[in-house]
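In: Give me the fold of what follows.
(one chain, ligands or ions: 1)
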Amino acid sequence: MNAEELLDLCPVIPVVVLHDAAAAVPVARALVAGGLPAIEVTLRTPAALEAIKRIAAEVPDAVVGAGTVVTPAQAAEAAGAGASFLVSPGCTGSLREAMTGTGLPFLAGVSSASEAMALLEHGVTAMKFFPAKAAGGPAYLKALAGPLPQVRFCPTGGITPENAGEYFALPNVGCVGGTWLTPDDAVRAGDWDHIEALARAAAALR
Ligand code: 3PG
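Out: Numbers count the residues shown, from 1 in each chain. So this is what the prediction gives:
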């Protein structure tokens, strides 16, 4: 799978924050059952790498990636844990090199034409648009499609079931990402049915 194929895998990439690795497998199973196979486990908690390991080992239908990759070391650690893709909120030269070095598809975050052009210079055409809503939302992305039609995005940050349609309507949006599929209270309560229902509704958004 390359990064362009990752954008086409499913309409929504769930962005997941896991405080307890024990929740990783049931959360992943619920998301897959709801029709969303790609799962971005954010490296914001001490449990994240172990969660990625468990999903990679125990949920074969899931495509688990690491999100919130902000340092070159984290890119290597995520790859070592078995991540199938990497997502970063922004990008630096050293982070781009580290992510490229893993051989994994990655979605590096950009929020301007210049940042997108810096990645284009290295042959990167699939990117995350972050923070999507705060950076200008669908209007901003639509404006980027004029001069940079070769770039496709996964907008993330402030996406909801209510506004996702405005992003899907754009030619330069492959999929969107968001945390609404795995509310913290549902994860802590073990309400996997609720997570599956949220995933099913999201999978039908496009
Ligand atoms: C991200 O890491 O991409 C964002 O925190 C997701 O933002 P959301 O909570 O608005 O979906």
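In: From Lys142, how far off is Leu198?
Out: To Lys142, Leu198 is 27 Å away according to C-beta to C-beta, to the nearest Å. Where C-beta positions appear, they are placed from N, C-alpha and C, glycine not excepted.
In: Those two: who's more crowded?
Out: Using other C-beta atoms under 10 Å as the criterion, Leu198 and Lys142 rank with Leu198 on top: 23 against 17.
In: Which strands and helices lie in contact with the host helix or strand of that one?
Out: In this assignment (DSSP states H and E), Leu198 forms part of helix 192-203. Other elements packing on helix 192-203 under the criterion 3 or more C-beta pairs under 8 Å, 6 or more residues apart in numbering; DSSP states H and E are strand 12-16, helix 24-33, helix 184-189.
In: ok, and what's touching the first one?
Out: In this structure, residues lying in contact with strand 12-16 by C-beta atoms under 8 Å, 6 or more residues apart in numbering are 27, 31, 36, 38-42, 65, 67, 87, 154, 156, 164, 175-179, 181-182, 199, 202-203, 205.
In: Ala186: what's it in contact with?
Out: Residues near Ala186 by C-beta under 8 Å, 6+ apart: His194, Ile195, Leu198.
In: Contact distance from the ligand - what residues of the chain qualify?
Out: Proximity of the chain to the ligand, by C-beta under 6 Å from any ligand atom, involves residues Val15, Thr42, Gly67, Thr68, Phe130, Thr156, Gly157, Gly158, Ile159, Gly177, Gly178, Thr179.
In: Identify the bridge partners of the third one.
Out: Taking DSSP bridges, one obtains Thr42 as the residues bridged to Gly67.
In: so it touches Ile39, yeah?
Out: No: using C-beta atoms under 8 Å, Gly67 is not in contact with Ile39; the gap is 9.3 Å.
In: Which residue ranges of the protein form helices?
Out: Counting by DSSP state H, residue ranges of the helices within the chain are 3-9, 24-33, 48-58, 72-81, 93-102, 113-120, 137-145, 164-168, 184-189, 192-203.
In: buried sites along the helix holding Leu198?
Out: Trp192, His194, Ile195, Glu196, Ala197, Leu198, Ala199, Ala202, Ala203 (16 or more other C-beta atoms under 10 Å).
In: Need the residues you listed in JSON lines (columns: pLDDT).
Out: As requested, these are arranged in JSON lines below (pLDDT from 0 to 100):
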{"residue": "Trp192", "pLDDT": "98"}
{"residue": "His194", "pLDDT": "98"}
{"residue": "Ile195", "pLDDT": "98"}
{"residue": "Glu196", "pLDDT": "98"}
{"residue": "Ala197", "pLDDT": "98"}
{"residue": "Leu198", "pLDDT": "98"}
{"residue": "Ala199", "pLDDT": "98"}
{"residue": "Ala202", "pLDDT": "97"}
{"residue": "Ala203", "pLDDT": "97"}
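In: Nearest residue to Pro72 in space, ignoring adjacent ones along the chain?
Out: Among residues not flanking Pro72 along the chain, Ala98 sits closest, at 3.4 Å (C-beta to C-beta, 6 or more residues apart in numbering).
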